[in-house]
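*Asks:* Dropping the sequence and predicted coords here.
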There are 2 protein chains.
Amino acid sequence: MLSKTYTKYIQSLHHKKFRDAEDVFIAEGSKVVMELLQSLVFSCEQIVGLDNWLGQNEAIIRKYYAGPLQVVEEFELEKVSTLSTPNQVLAIFKKLPKATIAAKGKVSLALDTIQDPGNLGTIIRIADWFGIQSIICSEHCADMYNAKVVQSTMGSLGRVRIEYTNLLKWLKRNDTIKIYAAALNGKTVSDLKGLTEGIIVIGNESKGISEEIMELCTERITIPKTGAAESLNAAVATGIILSHI
Amino acid sequence: MLSKTYTKYIQSLHHKKFRDAEDVFIAEGSKVVMELLQSLVFSCEQIVGLDNWLGQNEAIIRKYYAGPLQVVEEFELEKVSTLSTPNQVLAIFKKLPKATIAAKGKVSLALDTIQDPGNLGTIIRIADWFGIQSIICSEHCADMYNAKVVQSTMGSLGRVRIEYTNLLKWLKRNDTIKIYAAALNGKTVSDLKGLTEGIIVIGNESKGISEEIMELCTERITIPKTGAAESLNAAVATGIILSHI
């Protein structure tokens, strides 16, 4: 049984303002919760689950987590869930300390105002697939701790370092490293083959890369088009670019 | 001013059953509506828009469409819209006659139960980008005329032929053509370079390709992974595969 106060507390975490104040975030669903627990990257503060689910998973959970397990009814889980169809369990994890990313000697992604949480989560998952360990997000990107982002990373959140910062300033500080803009009318993406150091900038879903950031880019790279579509989804473009490196 | 009956009619088209019965579908938003009008592929039956928007676009619209233009207030558009934030205009288009796709001499996509409308729309847009003109959907794929699909195709719907059919039977009929399964543990995707004839099968978001369809596939192709993520989003995987052809 969830207390009124705790119900309100979890509901407040649906909003960035309260996640920031409390320094925690919500993860939901069996798969995501178990992956984050097992990653040992995030410290868990609370697990709220259906009796059935907790019974089935308690043995594994206890290998990774010694804190409280709260049994709830389905209607209670519905009240605190961020999903339209809640999925058996919800957990509250501590956010990571702010990351600081250096671009030297590796390939990093820089996201210029990726606003759709689903896109951001998918991009984090793609980075994890291709072994890219650093993502720099401009301040107007979706929040990496937004429930939809956490959901769509499918557990990759603990394996990729993500820094939120003033992207323009960050790029200026890293001006000895090549910066590649994902854009129209550039070199073909297959030219990136074998790249071991560089920053790949992905622009906003509808506006692309902002002008001042584009000015800092040393090269434009393009996904060759043979058909007629005007653009590709930002996450799809990221996947294609990384697959050619 | 929208009549009660017409309001109910548009609302009914949010559901596949009524779209099928009436043989029409809804497109929303300035960009998508204008692209579908200008494609000259779909015949438009009705345009319902805000006064302001119609005023600005009537001249262009009239080059492509001679039918009724219905001026509505914002609250009326909200009532009939499929979007949480309606975008100035909604149009009703006639569906296309059922397509029949032959696989000979080209590269086609076959989708085995792609259920998320956003994924299906994104895949259609990717196909359009890479000049793939044929998509075969299994019967349990999302409906191509679902409002979210139409939205996320961003106007590509008129440039790609899409057939809904029993995928297993269709593949059996095309057994002289190579069938590539997007799967784990296969040949690397770069082996597809230069492919001019073949069927590429993309599986369900969580279950992958069904067993009986996998048995018909002549080769498995894989996107090489250097990181730890368990899977890639179906649309992202499609984009990566097509970019390597």
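*Replies:* Ah, there it is. A quick note: this is a predicted structure, and the numbers were derived from the prediction, not measured. Residues are numbered from 1 along each chain as shown, chains lettered A, B, ... in the order given.

*Asks:* going forward, measure contacts between C-alpha atoms and count neighbours the same way
*Replies:* Fine.

*Asks:* if you look at the lengthiest strand in chain A, does any of it touch chain B?
*Replies:* Secondary structure of chain A read by DSSP state E shows that its longest strand is strand A:179-188. No - applying CA under 8 Å from any CA of the partner chain, one finds strand A:179-188 separated from chain B by no less than 11.0 Å.

*Asks:* for that strand, which positions count as buried?
*Replies:* A:179-183, A:187 (16 or more other CA atoms under 10 Å in any protein chain shown).

*Asks:* what residues does chain A put near chain B?
*Replies:* Counting by CA under 8 Å from any CA, chain A sits next to chain B at A:122, A:125-132, A:155-156, A:159, A:223-233, A:235-237, A:239-240, A:243.

*Asks:* Drop anything exposed from those.
*Replies:* A:122, A:125-132, A:155-156, A:159, A:223-225, A:227-229, A:231-233, A:235-237, A:239-240, A:243.

*Asks:* just to revisit the earlier point, could I get the buried residues of strand A:179-188 as JSON lines with pLDDT?
*Replies:* Output for those, formatted as JSON lines (pLDDT from 0 to 100):
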{"residue": "A:179", "pLDDT": "96"}
{"residue": "A:180", "pLDDT": "97"}
{"residue": "A:181", "pLDDT": "96"}
{"residue": "A:182", "pLDDT": "95"}
{"residue": "A:183", "pLDDT": "92"}
{"residue": "A:187", "pLDDT": "93"}
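
*Asks:* Between these, which sits nearest residue B:202?
*Replies:* residue A:182 (25.8 Å; CA to CA).

*Asks:* Okay, and the beta partners of residue A:165?
*Replies:* On the basis of DSSP bridges, residue A:165 is bridged to residue A:138.

*Asks:* From residue A:101, how far off is it?
*Replies:* 10 Å (CA to CA, to the nearest Å).

*Asks:* about what we covered before: let's see which of the residues of chain A next to chain B end up in helices.
*Replies:* A:122, A:125-129, A:235-237, A:239-240, A:243 (DSSP state H).

*Asks:* Now for the nearest residue to residue A:39 once chain neighbours are set aside: which residues touch it?
*Replies:* The shortest distance from residue A:39 to any non-neighbouring residue, by CA to CA, 6 or more residues apart in numbering or on different chains, is to residue A:158 (6.4 Å). With contact taken as CA atoms under 8 Å, 6 or more residues apart in numbering or on different chains, residue A:158 is in contact with A:36, A:39, A:41-42.

*Asks:* Which of the residues you listed ranks first by neighbour count?
*Replies:* Using other CA atoms under 10 Å in any protein chain shown as the neighbour criterion, residue A:36 leads the contacts of residue A:158 with 24 neighbours.

*Asks:* Roughly how far does it sit from chain B?
*Replies:* 13 Å (CA to the nearest CA, to the nearest Å).

*Asks:* Do you know the pLDDT at that residue?
*Replies:* The model reports residue A:36 with a pLDDT of 92.

*Asks:* wait, it sits on residue A:30?
*Replies:* No - the criterion here is CA atoms under 8 Å, and residue A:36 misses it with residue A:30 at 10.1 Å.

*Asks:* Could you report the neighbour count for residue A:176?
*Replies:* Around residue A:176 there are 11 residues (other CA under 10 Å).

*Asks:* Kindly report the same for residue A:81.
*Replies:* 24.

*Asks:* Quick check, pLDDT for it.
*Replies:* 95.

*Asks:* Just list the residues touching it, thanks.
*Replies:* A:11, A:28, A:90.

*Asks:* Touching both of residue A:165 and residue A:101, which residues are there?
*Replies:* residue A:136.

*Asks:* Out of the contacts of residue A:158, which comes closest to chain B?
*Replies:* residue A:39 (11.2 Å; CA to the nearest CA).

*Asks:* Residue B:170 versus that closest one, what's the distance?
*Replies:* 43 Å.

*Asks:* same thing with residue A:214?
*Replies:* 47 Å.

*Asks:* what pLDDT does residue A:154 get?
*Replies:* Value for residue A:154, per-residue pLDDT: 81.

*Asks:* hmm, I was thinking of residue A:39
*Replies:* Per the predicted model, pLDDT is 85 at residue A:39.

*Asks:* How about residue A:128?
*Replies:* pLDDT, read off for residue A:128, is 96.

*Asks:* That one against residue A:154, yeah?
*Replies:* No - assessed by CA under 8 Å, residue A:128 is found out of contact with residue A:154, at 10.4 Å.

*Asks:* can I assume residue A:245 is in contact with residue A:198?
*Replies:* No - assessed by CA under 8 Å, residue A:245 is found out of contact with residue A:198, at 10.7 Å.

*Asks:* So between those two, which is more surrounded?
*Replies:* Shown here are residue A:245 and residue A:198; by other CA under 10 Å, residue A:198 has more neighbours (20 against 15).

*Asks:* can you pull the contacts of that one?
*Replies:* Residue A:198 neighbours (CA under 8 Å, 6+ apart): A:103-108, A:177-180.

*Asks:* repeat that with 7 Å
*Replies:* A:106-108, A:177-179 (CA atoms under 7 Å, 6 or more residues apart in numbering or on different chains).

*Asks:* any idea how far chain B is from it?
*Replies:* For residue A:198, the distance to chain B - CA to the nearest CA - is 17 Å.

*Asks:* Please apply the same query to residue A:165.
*Replies:* Separation of residue A:165 from chain B (CA to the nearest CA) stands at 25 Å.

*Asks:* ok, how many other residues are close to that residue?
*Replies:* If you count neighbours by other CA under 10 Å, residue A:165 ends up with 16.

*Asks:* Isn't it up against residue A:139?
*Replies:* Yes - in this structure, residue A:165 is within contact of residue A:139 by CA atoms under 7 Å, at 5.6 Å.
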